[in-house]
Each structure stands twice: as structure tokens, then as C-alpha cells.
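J.: Next one to model:
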Amino acid sequence: MGRTLLIPAAGEGTRLRPATLTRPKCLVDVAGVPLLGRQLAVAAGRFDRVVLVTGYREADIRDYVAAAKPPMTVDFVTNADWATTNNTHSLWLGLKALGEGDMVLLDGDLYLPEAAMDRLLGAPGGIKVAVEREHVGEVRLTVDADRRVLTIGKHVPREGAWGESVGLQYFSDRATRGLLEFVEGLVNEGGSGVFYEMAFERMIRAGWEFAAVDATSTPCQEIDTPEDLRRAEELASKEGVR
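T.: All right, here's what the predicted structure looks like:
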């Protein structure tokens, strides 16, 4: 069984306007390279297949991938309801298209260095979450003494949080199938408008172990705002991205 990279990239990215008025967020340039191009470069040699869940300006993304000709299979899944749903719905659609094998879930708005991906893949565990501990943003988490995730989501108070989940997660084949069950349960309850971390918390409460992987020394940047984009540019400059 191969390893698949699942990238939900259906949203409009309204907080990043005006950059996203004429392009999807995943095609916004970071140091002169579209964010998706950076992600596909990181995927090369590490993944057999990429599944892209698209919605807003989908044709632009398809055209970009066709021109980029990445060295792995790229399959597209359309979230036709991108304007009225959240990333749980995109994740559900993507999971249904996966088939067998391990999966890495990578948010379509995340700038990451290759070292961050390698750190996640090399860490032990059937479910792993990459964590930033210095620049703690919106999706926070708490852990126990063995760095097993206890709570995760935007509802976790900043005070007492162990760090921020950056939007990069690994699931074994078995865990991927388990995740689909929990995400599908949320969708069937009318939860397409919530963030997918709610499914993670339900899995944790059901006994699944999520290991927190400290990726602070290989910093990533979720890009939601112009300020986020500037920080990603700074990280790219330090990394020597051209």
C-alpha cells in the first residue's frame, strides 16, 4: 500500500483578500512560488499520490497542476458546497476517495519546509500531529506527560496550551479508516460547517491515541491573513527558497 497526501484546498480565503480575489489561496505566491507548488515539491519522493479537494476557483488549480507536471499522481475531488461548508466537509470528500494506505493530511494554506514533513513521517505513532510551540495560533492543543493529545481545537484556551496544531497530520491505514467513520458521523449530524478537529477530539475520547510531534525547530506557517503571508515569506527567505 502506498502513502497519500490529502490536501483540502476548497475555501475562498476571504481574510487574505485582495490576493484571493483573482486566485485560490493555495496559489498565492510565497517567495515567488505558489503555495501549492511548494507543497507538491515537498510531496515529491515522499508520496505516491496526492488527492486535492478543490472548490473556489477550481479550474485555476487544475490548470496549475497540469502545467507543473508533478512526479506523482494527482487526483481531484470537488467540494461543490465549498461556499457553505467548512474543512470537515472537504476532509470527508477526500477521505472517501483515498482507498487503502497511510495518509498525511496537509492543509492547503500551510507553508512548510521539507524538514517538517520528514519530522512528522519519522516520528513514532499511528496518528501524529505536528505542533508549533513558539508561535501559538488558533488551533491549540493540550497533551499528557507522554505527549499524547488530550484536547485540540480553537476552543482550547491559550493559557495552558502545549502548542498549536499547524495543519499537518499523519494517519496510518487503520487510523485513516477510523477517521473516515468519525468525520462521516459529523457530516451526517449536520456538522459540515465545523472544523475537522472536532472529529479528532471524538476519536481521542473513543480511545484513539494522537501523538504530538514538536516541529518548532522546522517552523511552518498557516496563511490566513496578510500578516501570516509576510511571516511565511520570512521563513522562506531563511530557508533559501527561490
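
J.: Can you give me the neighbour number for Gly45?
T.: 9 (other C-beta atoms under 10 Å). Where you see a C-beta, it was placed from the backbone N, CA and C, and this is true even at glycine.

J.: contacting residues for it?
T.: By C-beta atoms under 8 Å, 6 or more residues apart in numbering, the residues touching Gly45 are Pro71.

J.: distance of Asp144 from Ser165?
T.: In this view, Asp144 and Ser165 are 16 Å apart by C-beta to C-beta, to the nearest Å.

J.: let me fix that: Met198
T.: The spacing between Met198 and Ser165, counted by C-beta to C-beta, is 13 Å.

J.: Neighbour count: those two, which is higher?
T.: The residue with more neighbours, out of Met198 and Ser165, is Ser165; 28 against 19, by other C-beta under 10 Å.

J.: ok but the more buried one is inside a strand, no?
T.: Yes - counting by DSSP: H, G, I helix; E, B strand; the rest coil, Ser165 falls inside a strand.

J.: what's the distance between the closest residue to it other than its chain neighbours and Pro124?
T.: The shortest distance from Ser165 to any non-neighbouring residue, by C-beta to C-beta, 6 or more residues apart in numbering, is to Val139 (4.6 Å). According to C-beta to C-beta, Val139 and Pro124 sit 23 Å apart.

J.: the more surrounded of the two?
T.: Between Val139 and Pro124, Val139 has the larger neighbour count (other C-beta under 10 Å), namely 24 against 7.

J.: thinking that one is in contact with Gly163, fair?
T.: No - contact criterion C-beta atoms under 8 Å: Val139 and Gly163 do not qualify, at 9.9 Å.

J.: longest helix of this protein?
T.: Ranked by residue count and defined by DSSP state H, the top helix of the chain is helix 173-188.

J.: Sort out which residues of that helix are buried, please.
T.: For helix 173-188, burial by neighbour count (16 or more other C-beta atoms under 10 Å) applies to Asp173, Ala175, Thr176, Gly178, Leu179, Leu180, Phe182, Val183, Leu186, Val187.
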